[in-house]
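>>> Provided below for reference: sequence and predicted model.
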There are 2 protein chains.
Amino acid sequence: MAERVVEEVSNKQVILRDYVSGFPKESDFEFKTSKIRLEAAQGSKSVVVKNLYLSCDPYMRACMRNLTGTYVPSFTPGSPIIGYGVARVIDSGHPNFKKGDLVWGMTGWEEYSLITEPETLFKIEDTDVPLSYYTGILGMPGMTAYGGFYEVGSPKEGEYVFVSAASGAIGQLVGQFAKLKNCYVVGSAGSKEKVDLLKNKFGFDEAFNYKEEQDLDKALKRCLPEGIDIYFENVGGKMLDAVLLNMRLHGRIPGCGMISQYNLEETEGVHNMFYLITKRVRMEGFMVFDYYPMYPKYLDMVLPLIRERKITYVEDIAEGLENAPKALIGLFSGHNIGKQVVLVARE
Amino acid sequence: MAERVVEEVSNKQVILRDYVSGFPKESDFEFKTSKIRLEAAQGSKSVVVKNLYLSCDPYMRACMRNLTGTYVPSFTPGSPIIGYGVARVIDSGHPNFKKGDLVWGMTGWEEYSLITEPETLFKIEDTDVPLSYYTGILGMPGMTAYGGFYEVGSPKEGEYVFVSAASGAIGQLVGQFAKLKNCYVVGSAGSKEKVDLLKNKFGFDEAFNYKEEQDLDKALKRCLPEGIDIYFENVGGKMLDAVLLNMRLHGRIPGCGMISQYNLEETEGVHNMFYLITKRVRMEGFMVFDYYPMYPKYLDMVLPLIRERKITYVEDIAEGLENAPKALIGLFSGHNIGKQVVLVARE
């Protein structure tokens, strides 16, 4: 039997130095170059992938803390951080995957990754759309917007919808889904440029820059004088408190994230909870994992919308793994415009 | 045609002097004696009733404020306050009611009331149970417990249920409904006597006195080490914050009331909202009005349970209209043990 020649290559990695409290900084990360054999160990069900795009997502802030029993596993200090990405299979011991396949799912922040439990990876079949979309509209954020808006939000035609962090990876989709449902849609974002994007690119009916509003309650009453049927919650804190004052009877609040709170050592208190009762509002937290079984159905809906340009998707692509930490922490100051992606390799 | 002789009688009334901020006091109320003609004006659809029992309910605190657009109408200073009660029809211009009928619904805090829109009254058909029950287990609190627990809470056999204000008009029923559903049921209340009642009379599996707990989170972890599937929310504030730390995946929080907050000028902030997301919890406020169409179905369920002594109901009956203000404000310090009722007349 001929000896199998396995290539060993250098592998640049993004390492979390230690758990982070407060606002994450670039110095919380470091780069390391290790070696990796581009081979799935014989008899294993692993795959080895070359990472092409990495996804920067707000939930990753929680992974930088030393938490147990929470909804996402903590990163391991000293090891490459883990996140969603798009990758090419280089070698596979798993029957579902073969060399050359494109996949999206959990991978490492490094050039090449050995994935020991590849069952959670999704195989990419449609490549007539940008590959990076599988970190966004065609990946986890897309499924989050889909599950949260349609399943948790239970939208009806003509309802009043408010989306916070509305130009982000998820918010821009929720707004567009709501417009497709003939809702009246208002978004908030943190800069003039983002507000313009909401109104002029994503078709929101109205939008405001929350950083320039003295009084969020007044801003909501100005943009949504009839109140809010669905609030797609991405930010928490003061915005949630203002929204509670403006909910309509039997309104719904799909709880997707609370990014305004992630870097606070003590979260802000929400004072207007009683309005949930007086307005009979349903606030429901959800996680994308529960909706992944609907992924094929989602693709059937969203791929034609993309191809027919009935939906658009704005990405903010940082080039090179060396810019990945900066891109990630930029999420928490709203530095990104649209979905934050890191391009690792063009292949 | 013989002239109709109409009796005019004296009518003692409980008057709200003025809107109340902070903790209500007996001196916020006064008594007045007016005259009332015991006749439904000819051609009107009014009824005149003799009030037998009046109901003291926490929502009435909101009516003591000068609020518009809220879920309940404000009382009118200088006029008798309005609330649920059980009454006997003395004269009726309405085809649904005739002299002698027993009814429950909204009436005045006075000996006799002229009810100009009697359509909202429920006729009492079953009188083999205590009449006062129609202010509690067979009235608004009963329907609140029923709608909130079964419809909003969506209980499953064997789930872990926590009820705050658990010995109150609604809580004692929720706990017993949950036991009938084979749930593990824990309640909190504000005295040793109430805790004993929960464990020994209502069949709760465990109970604690929240006033004696240094740390509500620890109390919940002690009584519910597996966490909480359903929290029936009656109190808000710190208890809600502690509960959020202990919810199980896909838990539900029917939001019925937040009595701990009603007398505060600024409500307490709730800090653990993010757990709604990580645990995919549904918190849903509700109002009893939405469930009144199910009242006949509820009676079919609960009347046999009462008759067969499979459910019990503890009332705290204050005798005489002159004790009504004290009974009402006692709700907010937890003075009552069980459902607070005022006996106005034995007939």
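The structure has been received and is ready for your questions. Residues are numbered from 1 along each chain as shown, chains lettered A, B, ... in the order given.

>>> can you give me the strands in the stretch 51-200 of chain A?
Counting by DSSP state E, counting those that start in this stretch, the stretch 51-200 of chain A has strands at residues A:82-92, A:102-108, A:112-115, A:122-123, A:160-163, A:184-189.

>>> right, and the ones you listed - which one's nearest chain B?
Proximity to chain B (CB to the nearest CB) singles out strand A:160-163 among those, at 15.9 Å. Every C-beta, even on glycine, is put in place using the N, C-alpha and C of the backbone.

>>> Run through who's touching the closest one.
Residues from elsewhere that reach strand A:160-163 (CB atoms under 8 Å, 6 or more residues apart in numbering or on different chains): A:153, A:155, A:171, A:174-175, A:178, A:183-188, A:204, A:220, A:223-224, A:226-232, A:234, A:243, A:248.

>>> Stretch A:260-268 now?
A:21-24, A:58, A:61-62, A:235-239, A:258, A:332, B:269, B:271-274.

>>> Repeat the analysis, applying 6 Å as the threshold.
Residues outside stretch A:260-268 that contact it (CB atoms under 6 Å, 6 or more residues apart in numbering or on different chains) are A:Phe23, A:Arg61, A:Val235, A:Gly236, A:Gly237, A:Phe332, B:His271.

>>> contacting residues around the last one?
Just to be clear, that refers to B:His271. A:Thr267, A:Gly269, B:Asp241.

>>> can you give me phi and psi for it?
Here is the backbone geometry of B:His271 (degrees, to the nearest 10): phi -100, psi -20.

>>> what's the most buried one of the strands of the stretch 51-200 of chain A?
strand A:160-163 (a mean of 29; mean count of other CB atoms under 10 Å in any protein chain shown).

>>> for it, what is the average pLDDT?
Per-region confidence: strand A:160-163 scores 98 on mean pLDDT.

>>> How about the stretch 201-347 of chain A: which residue is closest to chain B?
For the stretch 201-347 of chain A, CB to the nearest CB, closest residue to chain B: A:Gly269, 1.4 Å.

>>> any idea how far A:Tyr231 is from A:Gly139?
24 Å (CB to CB, to the nearest Å).

>>> My error: substitute A:Asp290 in the last question.
20 Å.

>>> hmm, back to that, to A:Ile317, which of the strands of the stretch 51-200 of chain A lies closest?
Closest to A:Ile317 of the strands of the stretch 51-200 of chain A, according to CB to CB: strand A:82-92, at 12.0 Å.

>>> Which strands border the closest one, and is each parallel or antiparallel?
Paired strands of strand A:82-92, with direction, are strand A:47-55 (antiparallel), strand A:102-108 (antiparallel) (DSSP bridges).

>>> would you turn the ones you listed into CSV with distance to B:Leu216 and mean pLDDT?
Output for the strands paired with strand A:82-92, formatted as CSV (distance: least, CB to CB, whole Å; pLDDT from 0 to 100):
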stretch, distance to B:Leu216, mean pLDDT
strand A:47-55, 38, 98
strand A:102-108, 37, 98
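
>>> Turn those into a markdown table, columns for distance to A:Ser167.
Compiled in a markdown table, the strands paired with strand A:82-92 are given as follows (distance: least, CB to CB, whole Å):
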| stretch | distance to A:Ser167 |
| --- | --- |
| strand A:47-55 | 17 |
| strand A:102-108 | 22 |
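
>>> do you know which of these lies nearest B:Glu110?
Nearest of these (CB to CB): strand A:47-55, 66.8 Å.

>>> then the closest one to PDB, C-alphas only?
Coordinates of the C-alpha atoms in strand A:47-55 are reproduced here as PDB (Å, rounded to 0.1, in the frame of the first residue of the first chain):
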ATOM      1  CA  VAL A  47     -13.500  17.000   8.400                       C
ATOM      2  CA  VAL A  48     -10.700  19.400   7.700                       C
ATOM      3  CA  VAL A  49     -11.800  22.700   6.200                       C
ATOM      4  CA  LYS A  50     -10.200  25.800   4.700                       C
ATOM      5  CA  ASN A  51     -12.000  28.800   6.200                       C
ATOM      6  CA  LEU A  52     -13.100  31.400   3.600                       C
ATOM      7  CA  TYR A  53     -15.400  33.800   5.500                       C
ATOM      8  CA  LEU A  54     -15.800  34.200   9.200                       C
ATOM      9  CA  SER A  55     -18.900  35.800  10.800                       C
END
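
>>> hang on, the earlier thing: list only buried entries from the contacts of stretch A:260-268.
Buried residues within the contacts of stretch A:260-268, defined by neighbour count using 16 or more other CB atoms under 10 Å in any protein chain shown: A:Arg61, A:Val235, A:Gly236, A:Gly237, A:Phe332, B:His271.

>>> For the third one, give me its contacts.
The reference is to A:Gly236. A:Gly236 sits in contact with A:Met258, A:Ser260, A:Gln261, where contact means CB under 6 Å, 6+ apart.

>>> next one: A:Phe232
Here A:Phe232 is in contact with A:Val163, A:Val174, A:Pro254 (CB under 6 Å, 6+ apart).

>>> Next one: it from B:Thr116, what distance?
A:Phe232 is 44 Å from B:Thr116, by CB to CB.

>>> same check, this time on A:Glu308
For A:Glu308, the distance to B:Thr116 - CB to CB - is 59 Å.

>>> Which of the contacts of strand A:160-163 fall in helices?
A:Gly171, A:Val174, A:Gly175, A:Ala178, A:Leu220, A:Cys223, A:Val243 (DSSP state H).

>>> Of those, which is the most crowded?
A:Val174 (33 neighbours; other CB atoms under 10 Å in any protein chain shown).

>>> That one and A:Gly148 touch, don't they?
No - counting by CB atoms under 6 Å, A:Gly148 is not a contact partner of A:Val174; they are 7.0 Å apart.

>>> picking that back up, compare A:Asp290 and A:Tyr231 and say which one has the larger neighbour count.
A:Tyr231 (29 against 15).

>>> what's near enough to touch the residue in the stretch 51-200 of chain A that chain B sits nearest to?
Nearest to chain B, among the residues of the stretch 51-200 of chain A, is A:Tyr71, at 3.9 Å (CB to the nearest CB). By CB under 6 Å, 6+ apart, A:Tyr71 lies in contact with B:Thr278.

>>> With A:Thr120 instead?
Counting by CB under 6 Å, 6+ apart, A:Thr120 has contacts A:Gly105.

>>> any idea how far it lies from A:Ile81?
17 Å.

>>> show me where pLDDT drops low in chain A?
Counting by pLDDT under 70, chain A contains low-confidence ranges at A:1-5, A:69-70.

>>> How about the residues of it by chain B?
A:71, A:255, A:258, A:267, A:269-271, A:273-274, A:276-278, A:280-287 (CB under 6 Å from any CB of the partner chain).

>>> Out of those residues, which sit inside helices?
A:Phe274, A:Leu276, A:Ile277, A:Thr278.

>>> rewinding a little: so can I have TSV of the contacts of A:Gly236 showing neighbour count?
TSV is the format used below for these (neighbours: other CB atoms under 10 Å in any protein chain shown):
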residue	neighbour count
A:Met258	26
A:Ser260	20
A:Gln261	18
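
>>> got those as JSON lines, with distance to B:Ser10 columns?
Below are the contacts of A:Gly236 laid out as JSON lines (distance: CB to CB, whole Å):
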{"residue": "A:Met258", "distance to B:Ser10": "59"}
{"residue": "A:Ser260", "distance to B:Ser10": "61"}
{"residue": "A:Gln261", "distance to B:Ser10": "60"}
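
>>> Among those, which one sits closest to B:Leu299?
The closest of these, once distances to B:Leu299 are taken by CB to CB, is A:Met258, at 43.2 Å.
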